[in-house]
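**Student:** Build me a model from this:
(chains A, B and C)
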Amino acid sequence: MAVTWRLDELGARLDVPFVGDPGTQVSRVADLASAEPDCLTFLGDPSYRKALAETRAGVVILTEDDAAACPAAALISPNPYLCFSKAARLLYPPVPVQGGIHASAVVHPSARVDPSAWVGPLSVIEAGVQIGPRVFVGPGCILGEEVRVGADSRLVARVTLCWRTQVGERALIHPGAVIGRSGFGFAKDGKRWVRIPQVGRAVLGDDVEIGANTTVDRGAIEDTVIGDGVKLDNQIQIGHNVQIGENSAMAANSGISGSTRIGRNCTIAGAVGMAGHLGIGDDVHFTGMAMVTRSFPEPGSYSSGIPAMPSGEWRRNVARFRHLDELSRRLKQLEARVATLSAAQRQEEP
Amino acid sequence: MAVTWRLDELGARLDVPFVGDPGTQVSRVADLASAEPDCLTFLGDPSYRKALAETRAGVVILTEDDAAACPAAALISPNPYLCFSKAARLLYPPVPVQGGIHASAVVHPSARVDPSAWVGPLSVIEAGVQIGPRVFVGPGCILGEEVRVGADSRLVARVTLCWRTQVGERALIHPGAVIGRSGFGFAKDGKRWVRIPQVGRAVLGDDVEIGANTTVDRGAIEDTVIGDGVKLDNQIQIGHNVQIGENSAMAANSGISGSTRIGRNCTIAGAVGMAGHLGIGDDVHFTGMAMVTRSFPEPGSYSSGIPAMPSGEWRRNVARFRHLDELSRRLKQLEARVATLSAAQRQEEP
Amino acid sequence: MAVTWRLDELGARLDVPFVGDPGTQVSRVADLASAEPDCLTFLGDPSYRKALAETRAGVVILTEDDAAACPAAALISPNPYLCFSKAARLLYPPVPVQGGIHASAVVHPSARVDPSAWVGPLSVIEAGVQIGPRVFVGPGCILGEEVRVGADSRLVARVTLCWRTQVGERALIHPGAVIGRSGFGFAKDGKRWVRIPQVGRAVLGDDVEIGANTTVDRGAIEDTVIGDGVKLDNQIQIGHNVQIGENSAMAANSGISGSTRIGRNCTIAGAVGMAGHLGIGDDVHFTGMAMVTRSFPEPGSYSSGIPAMPSGEWRRNVARFRHLDELSRRLKQLEARVATLSAAQRQEEP
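**Tutor:** Numbering: from 1, shown residues only, chains lettered A, B, ... in the order given. Model prediction:
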């Protein structure tokens, strides 16, 4: 799967200087510690300098400051991790898509599949679907009526795009994702729930990534919108009418309730939960398991939750938490009482 | 997909009075703000009254009190949201199911599929399955041995019903749902886990809805039971032997551990977790991310969790939480000490 | 599905003594309360002794101490629950796998499927896949290029094994699981995210169980490793490069961030979240919804979270939590002040 690159070619392509034999060849990536001479690796974190001294790698990407200590050929970059990510993409280039439709796929006659796109085995393409150039539809995918997928997008396998879902260009959608499900909208009629037709769409911008088993509901009336460059990890839930701004990223197991709007360049760590109808600004960052119950319009880092501790200790502290309001009142009373005592004592003083 | 209705017909069908030209026609729904003359909309929340004044909608559903301020034709209802939900169902009626079995489906000869039911492309129907009248089995569904699905139920796409799962009438099950998986039951044999055969079923009542990628395990010995009218959102986990009472609703990402029983008309918000073997009464409501570690037999609203705050502030408060028990003891000691001081001072007073 | 056993045969096979008519026959399992004369049941918890007295079961598994009170035939074991789990496996033996490939499956010519293995309807087996003896590949599974599955493993239905995933022997993988997805690895390039090729594998040991809709990402460079005997429940997320030691078990909805290493014989309850790059030792136990933000190398039980309470009470306590740091400072000041007062009072005393 990987291809071989020469050091000088890598330097030229990545537009960074190199040190060492220009003909040094690498054909795969590895950690500093386990690298062999055919490997490219990088030093991102200074704490790995010891591993650098001992590495058997063919080429290491590192900063100018670390170059002198490198026992191998090197590529010099002020941001070794980013440079490594680009180099790794050269070593492991995407396989070009071969246009065609597998004989076992079920494609509605009204669907328009670009000749350069691939529709894999046992996929179902329903009426009115439009699939753009070089799109890869892996095995077992289901594209509902009127779905559109933009050029160069990749549905890895077993992706479900429901009715009218729109996917931009260069999207990457992983197995088990369900996009455009009719969202969770009900009105109460006595004790019974009456489902409200959900007629908005799920609209994904360009360069969006959707993780395995992640779900994005379509809008109730207006659309659910996932902005350009948004990256969603696995098992995330996005409720109806949510909007996520450009380049925001969200780690696994998080859930966003309906109609919440998230700005640009936000990072949302794992297992974060957000209530509905909130407004989250640009450049807002939530740490893992944060419980978001109000809007956060201002940039910044926000957190919540109690980190784990030994269970006995936790039990005692939690018991006190149940009486925190009372404890706080008692402290206030005591403060008043001590103030009175102090005043009395001062009076008595000669 | 939507159909056109006249104002007078809508009023008659919904059994509510109308105001304005009886021949006003609407053929889709919209928000107050974005509505066009062919749109039906509603005013549910008084905070949208400004949008009402400016709406271009053809018909607005609202209360009698708001009717005078409405620039468009109106339907008058004491509960505009519920009335809207019913009207929307008239504008977007379900597509009638066309009976038949797609040529690519794999149906076991012993399965009994009602002639009015549809089995979609690339679905698998195993031995002994019974599918009732007008059931819609979308593309890519798998119905294991002895599964039964009641009349008018709809499996949208890629639904997996495992061995012996029972689904009532008018159910709606979304893509990726897995119902009737053999639950997580083990006995420990030294350090190893021995799986215990799970021979109960998953039994879903009538009018049940199951969200995308939601999982419902079958019972260990007795059945897992999801009552009539229960609505489960996406990515929910229901453990073996759980019972959920009629018309209870649960938002996304929640998980219920084995053998817990939940009453009727409960609402469980997103990302709630419940321990096993609990008893939750009727009309119990949990707010988002609640951590349910004991039974709640009484009606009421219950909550837990620490809402997000700026990370620095959170870090300082959490550090104190770790010593909350100690802090509480110190307060008690101080109270005793102040009481002694007060007593001494009173004695000294002339 | 169940088979019939005689009491004496069961005793011999389980290597435990029995009491009662050796010819007593049982052919299914039940609870003490609902058992009929053809049922096997057990008394695991002394609180069910009343049900024992009234049971109509044919055979009860119980300890020697409870044998005298048993109205039915009995199998005597010091660990009735474990003995029951083994007996239940005899009553419900796994159906032997019939070798073959369903006509509707799509199998690449370069795949090697053992003749004793079964590949179910509408499954996709890609290039270079190796499937061992007696493996069961249920309907709708997708095995990507170079996947290997060891002997006697069972993919129930609709399992996705991505590129190069390795599964050991006797694994059990439930519907909707996605193993070996390309993990969530990006470098930042200005405001944009650059995906880093993920070239490690997901490697599952022997006797591993993976629940429905659970996701296990493949390694970035090295492998993600799930040790022998590990049991994962439904809807769990395992990030890239995670390692889980032998016989550890994890309940539903938990998520482990990238590069965290978990030891052997750990139990992780439901909805636990772990940050990345942590080290968790052997015999570590986390209770439900624990928030794991640091390493726990030592054996023990660890917890976090605030259990649910009435919403009004919770609101008041949470408001105080926001000022816990301040409250703690005020207590300290008050302690100092009271110390001063006490000293002053002592001085005044005659």
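**Student:** Tell me the spacing between A:Ala74 and chain C.
**Tutor:** Counting by Cβ to the nearest Cβ, to the nearest Å, the separation of A:Ala74 from chain C is 18 Å. In this view, the C-beta of every residue, glycine as well, is placed from N, C-alpha and C.
**Student:** can you confirm that residue is in a strand?
**Tutor:** Yes - assessed with DSSP: H, G, I helix; E, B strand; the rest coil, A:Ala74 lies in a strand.
**Student:** So what sits opposite it in the bridge?
**Tutor:** Per DSSP bridges, the residues bridged to A:Ala74 are A:Val19, A:Val60.
**Student:** residues contacting it?
**Tutor:** A:18-20, A:59-62, A:67 (Cβ atoms under 8 Å, 6 or more residues apart in numbering or on different chains).
**Student:** what about A:Ser259, helix or strand, and which?
**Tutor:** In the assignment (DSSP states H and E), A:Ser259 maps to no helix and no strand.
**Student:** for A:Ser328, same thing?
**Tutor:** Using DSSP H and E, A:Ser328 falls in helix A:324-348.
**Student:** quick revisit: rebuild the contacts of A:Ala74 as TSV, extending it with pLDDT and neighbour count.
**Tutor:** Below are the contacts of A:Ala74 laid out as TSV (pLDDT from 0 to 100; neighbours: other Cβ atoms under 10 Å in any protein chain shown):
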residue	pLDDT	neighbour count
A:Phe18	97	22
A:Val19	96	18
A:Gly20	96	17
A:Val59	98	29
A:Val60	97	28
A:Ile61	98	30
A:Leu62	97	26
A:Ala67	94	17
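**Student:** Got the phi and psi for the closest residue to A:Ala33 other than its chain neighbours?
**Tutor:** Once flanking residues are discounted, A:Ala33 sits nearest to A:Ala51: 5.0 Å by Cβ to Cβ, 6 or more residues apart in numbering or on different chains. Backbone torsions of A:Ala51, given as degrees, to the nearest 10, read phi -60, psi -30.
**Student:** Check A:Met274 too.
**Tutor:** Here A:Met274 shows phi and psi, under degrees, to the nearest 10, equal to phi -120, psi 140.
**Student:** ok so, going back, what angle separates the helix holding A:Ser328 from helix B:324-348?
**Tutor:** 30 degrees (axes from the mean of the first three to the mean of the last three Cα atoms, to 10 degrees).
**Student:** Pull out the buried positions in helix A:324-348.
**Tutor:** By neighbour count on 16 or more other Cβ atoms under 10 Å in any protein chain shown, the buried set for helix A:324-348 is A:324-325, A:327-328, A:330-331, A:334-335, A:337-338, A:341, A:344-345.
**Student:** The residue nearest to A:Ala33: neighbour count?
**Tutor:** A:Ala51 is flanked by 17 other residues according to other Cβ atoms under 10 Å in any protein chain shown.
**Student:** What of the one 3 residues further on?
**Tutor:** Other residues lying near A:Glu54 total 9 when counted by other Cβ under 10 Å.
**Student:** So it versus chain C, what's the distance?
**Tutor:** For A:Glu54, the distance to chain C - Cβ to the nearest Cβ - is 17 Å.
**Student:** How about A:Glu64?
**Tutor:** 19 Å.
**Student:** Kindly report the same for A:Thr215.
**Tutor:** A:Thr215 is 10 Å from chain C, by Cβ to the nearest Cβ.
**Student:** so how many other residues sit close to A:Ser259?
**Tutor:** For A:Ser259, using other Cβ under 10 Å, the count is 19.
**Student:** Now do the contacts for it.
**Tutor:** A:239-242, A:276-277.
**Student:** Take those residues and keep only those in helices.
**Tutor:** Counting by DSSP state H, no part of those is found in helices.
**Student:** Can you flag the buried ones in those?
**Tutor:** A:239-242, A:276.
**Student:** burial count for A:Ala68?
**Tutor:** Neighbours of A:Ala68 (other Cβ under 10 Å): 8.
**Student:** Also A:Gly180?
**Tutor:** 31.
**Student:** in its sheet, what does the strand or helix carrying it sit against?
**Tutor:** Using DSSP H and E, the element containing A:Gly180 is strand A:178-182. Using DSSP bridges, the strands paired with strand A:178-182 are strand A:160-161 (parallel), strand A:215-218 (parallel).
**Student:** Looking at those strands, which one is packed in the most?
**Tutor:** Comparing the strands paired with strand A:178-182 by mean neighbour count (mean count of other Cβ atoms under 10 Å in any protein chain shown), strand A:160-161 comes out on top with a mean of 32.
**Student:** what about the closest residue to A:Phe186 other than its chain neighbours, which helix or strand?
**Tutor:** Of all residues beyond its chain neighbours, the one nearest A:Phe186 is A:Trp193 (4.1 Å), with distances taken as Cβ to Cβ, 6+ apart. A:Trp193 belongs to strand A:192-195 when elements are defined using DSSP H and E.
**Student:** what sits up against that strand?
**Tutor:** A:185-188, B:82, B:85-86, B:89, B:172, B:207, B:209, B:229, B:231, B:247, B:249.
**Student:** For that strand, buried residues please.
**Tutor:** Applying 16+ other Cβ under 10 Å to strand A:192-195 flags A:193-195 as buried.
**Student:** any chance of those residues in TSV, plus distance to B:Gly100 and pLDDT?
**Tutor:** Putting those into TSV (distance: Cβ to Cβ, whole Å; pLDDT from 0 to 100) gives the following:
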residue	distance to B:Gly100	pLDDT
A:Trp193	31	97
A:Val194	30	95
A:Arg195	26	95
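**Student:** Of the residues you listed, which is the nearest to chain C?
**Tutor:** Within the buried residues of strand A:192-195, the smallest distance to chain C is 22.1 Å, found for A:Trp193 (Cβ to the nearest Cβ).
**Student:** For the closest one, give its distance to C:Val208.
**Tutor:** 39 Å (Cβ to Cβ, to the nearest Å).
**Student:** Likewise for A:Leu43?
**Tutor:** 35 Å.
**Student:** now A:Arg330
**Tutor:** Taking Cβ to Cβ, one finds A:Arg330 at 53 Å from C:Val208.
**Student:** And for A:Val284?
**Tutor:** 39 Å.
**Student:** the more surrounded of the two?
**Tutor:** Taking other Cβ under 10 Å, A:Val284 and C:Val208 do not tie; C:Val208 has more neighbours (27 against 23).
**Student:** if I read this right, the more buried one contacts C:Ala171, doesn't it?
**Tutor:** Yes - between C:Val208 and C:Ala171 there is a contact under Cβ atoms under 8 Å: 4.8 Å.
**Student:** Next, format the strands paired with strand A:178-182 as TSV and append mean pLDDT.
**Tutor:** Formatted as TSV, the strands paired with strand A:178-182 follow (pLDDT from 0 to 100):
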stretch	mean pLDDT
strand A:160-161	98
strand A:215-218	98
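**Student:** got those as CSV, with distance to B:Asn265 columns?
**Tutor:** Below are those laid out as CSV (distance: least, Cβ to Cβ, whole Å):
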stretch, distance to B:Asn265
strand A:160-161, 32
strand A:215-218, 24
